[in-house]
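**Student:** What follows is a protein structure lacking sequence information:
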């Protein structure tokens, strides 16, 4: 399947329809990306959006939200900023759950979850930011350490995902607008995003 | 034994009888494949059947149900689609249990179970699709992680196998028709399959 | 000791007496092999005996029961057939226990036990044939998996060994006849075995 | 991000502002370093401060407190001296918590925590200085040993961090003075530090 | 120390006194070897003694009891024979405990214990000869298996050591005679051993 | 720090003062070595002291008590002798605790503890000298074995350390005399040691 996918992408598809995805699947991807956009806007700690896109890119899968890189992320971030970063990473999945239901969450959430887990893992193992384990640096080379850290990281992720569901649930109108724009234009500049958000009075 | 099997196949047997299998064993293989066909028809999420066969193929064992490859499987599949995929993979075993009883399930179910376990494992470890472990990405390089994921994957498999038994149990007539066609013709095209399914009013 | 043994065998001994084994030890080996013969006859699922022998063979130890190879064993075997195969593998030990008592079981049972464990292990880990673990494929590369599978395999072996003791215990006369023939002739063809079994009315 | 950071530093930035850090972040770094300075002064067992700085240095991150090296540290240190060393290492984090609150502790505490954990680990595993494990040398090559030592080290760290919070909490005025000096001058010599401490009557 | 020892032996010492051992230590070694001799005589299952010696031999330590090699040991041994072999291996230690008390058992028992553990381990893991684990072959490459087997092997060793203490305790006179002969002559042939045993009426 | 230390020693310091150690630290080292001297005298099983010194030696740290090597140690040692050897190894730490208190025990005890642990570990794993694990040889290559042995070794060490505290506590006067001699002369021959011990009537 990986080879197939590569083959398809090397033919430079211009749209998700070219990849053979159904209308319904494209709609779901749009909501996923819209979730990331909204969460970045609402609790991104000043992260700057560059664009959101549904145009297939090599190595980036079916959709993408691009942000300005923050060279200080995880170097001087505070605990609260790290928690917000996790909310943003899980907001795509949260949008899928809010709109399509738990059974219809798609596998597109896998890499987001891996990235969020990576931040949560460092919070527990390196920065001493978990209540359960507390203030000690844990060597992740050891099996026991990995398991213990995993449990604590899971608690952090559960808490932040609940926040993501709240944020997305309270901003359904904005989410619908953003997803609709994405489906229509397939590529939203920072300016497009700002204008779409402006329409949603509730934000 | 593996070498023996290779030897037999390189002599290009034309039938399972050529491989020395008994009438009863061939009947059981037919029901196994018929189970896969039926489950694909009933909950295959639009998967397209190409053919079902009892003609020995190199590296494919004694029987085979061929489907069109879905390049997006596990890339944009939803949780529900993954569960259905597991049902389809376990439906061969379910058909054996329904018709021949639990003690007569054959070892032909081994690779199906490995494939179903692989999907269930990713559901738990990568997509956060299990209730017990929840939302966290788990590194399967660690022994503890593997065990934990295994338990959760086992629960998913048990639930989906129960569904497979239900589906097959409720479609016994169709299953009998499909197995009979397979035993008679040894190779069913998509058209043959459709016609056989058409005879079973209950579907 | 391994070198010594090799040395002895390279001198091509013609009998177990040449290897320096006592009369009593040879008698015990005869009962061990007779146990395998009887169990194959009673629950061998059509396995064909070729010969039973007490003539030392290179790499085969002190005694041997030779069967026609079954190329489909473990490829299309049913759960019940696998259980029977375990009974046959443990029947040599069972014969020793029935005749000489638990304290006099010999170390000759080691390789039989390893082979029976191997079948029971695949039943649990690959074919989903255990009640305790159920329907999930288990990766035996992991320590935790190995332990769990070992416990379940142990239960399967205990159940099948109890069956083996029953079968052998109920066929004592036939066992005595078979062991006596083996001690007398040292090599029994399929025809010899059949004739000896024929004498035991109880079978 | 690592490459980005390297790139920035190779352009020899003259201030944290050159690195693009916000006013608020710089203030937090200043308090972190001021915490180390204060704790060294109050329970450093005669450790001599050389300078404290907010000028970016290659490989030293955003801020630095330099002390005279003590060649006998951990060679003839007493249990009490090791505990004090841990207090000093955790005092930067303690200062952040006291001033900005638990949610705003920054990731800058990671290397301090690793260093404090390393001392606490040797206390438990090599010097027999923990109540829970007691008098035995523990091989940290083994997974079980690592876990056990980790738990005990965690208790030592929790106790010493509580001390650090106390010390810093009781010296808030001195902390404010030191942080203010650091923000103003960006580089404090031993003499500057002494003068700043002199102003805080409570010490 | 190993090099020291090697050095001493290469100078070909003619007696344990040449190695600098005290009178009391030599007496203890004599009782240790006498214990092995007695146990071999009483429950050696026909093992043939060749000689017992207190003359230092390269690689054999301070004392030695030489037996005819049994090429069938562990190939056709019965459970009871293996248990007796363990009694013989532990009888040297048992003799030390009976004569000098538990606190004065010497480190000379280390290799005996390793050899007895090796037999007990195979009894549990390969021949299915333990009550606790029962009938299953255990792969000693896995950590969990090793631990489980170790516990069961420990129970077998405890039972057989109790037997060894009984046997030695009931044969104190014979033990005294044998140790005295060894100290006097330093080398006892099979004939010497037989004559010494003959003197002890109680045997 | 290791390099630093090497550097210092290669300049051949003539005294601990040359290494920059404080008067108080030197006093503590003297008591540590005096503890070893006293314990060797009181329960050294005939071990012969060669000298005690506070003169820095390459690779030997800050102080040293030299004994005649015993080539039979651990080859024919008895259980009681091994326990005494542990008391001697822990007596330096015991002296520090008795004189300076638990909080002021120095890190100089690390290598003593490692050596004592090594003896205790072999007592448990190789010679069967622990009550908890009993008579079985344990392979220290396995993680589970290491942990179990560690716990038992810890119990042996705790018992022997209690003995060391008793011995040292009851010989305070002799300890004071010995430490004073060491501080004054920095190098005590066997004769010096004997004379100093002679002054302490209580011994």
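**Tutor:** Perfect, I can see it now. For clarity, every value in this text was computed on a predicted model and none was experimentally measured.
**Student:** what about stretch A:145-165 and chain D, any contact?
**Tutor:** Yes: for a cut-off given as CB under 8 Å from any CB of the partner chain, stretch A:145-165 has contacts with chain D, namely A:145, A:148. For every residue, glycine as well, the C-beta is placed using N, CA and C.
**Student:** Show me what counts as buried in that stretch.
**Tutor:** Judged by neighbour count using 16 or more other CB atoms under 10 Å in any protein chain shown, the buried positions of stretch A:145-165 are A:145-157, A:160-161, A:163-165.
**Student:** who's in contact with residue A:192?
**Tutor:** Residues in contact with residue A:192, defined by CB atoms under 8 Å, 6 or more residues apart in numbering or on different chains, are A:181, A:185.
**Student:** So which residues of chain A form strands?
**Tutor:** A:49-53, A:64-67, A:187-189 (DSSP state E).
**Student:** between those, which gets nearest to chain D?
**Tutor:** Comparison of the strands of chain A against chain D by CB to the nearest CB identifies strand A:64-67 as nearest, at 13.0 Å.
**Student:** Name the surrounding residues that touch the closest one.
**Tutor:** Residues external to strand A:64-67 that are found in contact with it (CB under 8 Å, 6+ apart): A:33, A:36-37, A:40, A:44, A:47-53, A:57.
**Student:** which residues touch residue A:49?
**Tutor:** Residue A:49 sits next to A:37, A:40-41, A:65-68, A:190, A:193 when contact means CB under 8 Å, 6+ apart.
**Student:** Same list (these) but as JSON lines, adding pLDDT and neighbour count.
**Tutor:** Converted to JSON lines, the contacts of residue A:49 look like this (pLDDT from 0 to 100; neighbours: other CB atoms under 10 Å in any protein chain shown):
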{"residue": "A:37", "pLDDT": "97", "neighbour count": "29"}
{"residue": "A:40", "pLDDT": "97", "neighbour count": "23"}
{"residue": "A:41", "pLDDT": "96", "neighbour count": "20"}
{"residue": "A:65", "pLDDT": "95", "neighbour count": "23"}
{"residue": "A:66", "pLDDT": "94", "neighbour count": "14"}
{"residue": "A:67", "pLDDT": "94", "neighbour count": "17"}
{"residue": "A:68", "pLDDT": "92", "neighbour count": "11"}
{"residue": "A:190", "pLDDT": "95", "neighbour count": "15"}
{"residue": "A:193", "pLDDT": "97", "neighbour count": "23"}
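**Student:** Would you convert those into TSV that also reports distance to residue A:95?
**Tutor:** Compiled in TSV, the contacts of residue A:49 are given as follows (distance: CB to CB, whole Å):
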residue	distance to residue A:95
A:37	9
A:40	12
A:41	13
A:65	11
A:66	17
A:67	17
A:68	22
A:190	20
A:193	15
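**Student:** Between these, which sits nearest chain C?
**Tutor:** Comparing every one of those with chain C (CB to the nearest CB), the shortest separation belongs to residue A:65, at 36.1 Å.
**Student:** for chain A, where's the lowest mean pLDDT among helices and strands?
**Tutor:** Taking mean pLDDT, DSSP states H and E as the measure, the helices and strands of chain A show their lowest mean at helix A:2-10, namely a mean of 51.
**Student:** The residue nearest to residue A:42 when sequence neighbours are not counted - how many residues pack around it?
**Tutor:** Spatial nearest neighbour of residue A:42, chain neighbours left out: residue A:167 (5.5 Å); criterion: CB to CB, 6 or more residues apart in numbering or on different chains. Close neighbours of residue A:167, defined as other CB atoms under 10 Å in any protein chain shown, add up to 22.
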